[in-house]
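**Q** Task: produce atomic coordinates for the following.
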Amino acid sequence: MTGFSRHVDNVMAKQSAGEVVSTTYGQKRDGTHFALVKTKVLWYAVRLIIEGSYAVERDEFYLESAADNYIAAKKRALEGCF
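**A** Residues are numbered from 1 along each chain as shown. Predicted structure coming up:
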C-alpha cells in the first residue's frame with residue numbers, strides 16, 4: 001500500500017460513509033495525487049480526497065451511472081485532460 005492510499009484510508013475512516021464501491025486514483029499536472037471514492041448507502045456519494053489534505057469534497061447521486069459520469073469528468077478535469 002502506498003503512502004497516498006494509506007492517506008485515503010485514514011480520511012475515509014473519519015467519514016460517515018456507506019460501503020466503498022470503488023476508488024479511482026489520479027495525479028494532477030503539478031504532481032499532486034487525488035482519489036475519487038464512490039460509496040453507496042441508499043444513494044451514491046463521490047468523495048474527492050487530495051494528497052496532503054484531510055478536507056473532503058462530496059457530491060451525491062441517485063444513479064450509479066451519474067456517479068460514474070461525474071468521476072470520469074472530474075478525473076479528466078483534475079488531470080488537465082479536457
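**Q** Could you look up the SS state of residue 25?
**A** When classified by DSSP: H, G, I helix; E, B strand; the rest coil, residue 25 comes out as strand.
**Q** Which residue, other than its chain neighbours, is closest to it?
**A** Leaving aside its chain neighbours, residue 25 sits nearest to residue 35 (5.2 Å; criterion: C-beta to C-beta, 6 or more residues apart in numbering). In short, each C-beta sits where N, CA and C put it, glycine included.
**Q** so that neighbour, which of the three states?
**A** strand.
**Q** ok, now how distant is it from residue 46?
**A** As judged by C-beta to C-beta, to the nearest Å, residue 35 and residue 46 stand 10 Å apart.
**Q** and what of residue 3?
**A** To residue 46, residue 3 is 23 Å away according to C-beta to C-beta.
**Q** Name the surrounding residues that touch stretch 51-69.
**A** By C-beta atoms under 8 Å, 6 or more residues apart in numbering, the list of residues contacting stretch 51-69 from outside reads 4, 7, 11, 14-15, 21, 32-34, 38, 40, 43-49, 70.
**Q** Quick check: ChimeraX command selecting the buried ones in these.
**A** Selecting only the buried entries of those in ChimeraX, with 16 or more other C-beta atoms under 10 Å as the criterion:
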select :4,7,11,33,34,38,40,44,45,46,47,48,49,70
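**Q** Among the contacts of stretch 51-69, name the ones in strands.
**A** 21, 33, 34, 38, 40, 44, 45, 46, 47, 48, 49 (DSSP state E).
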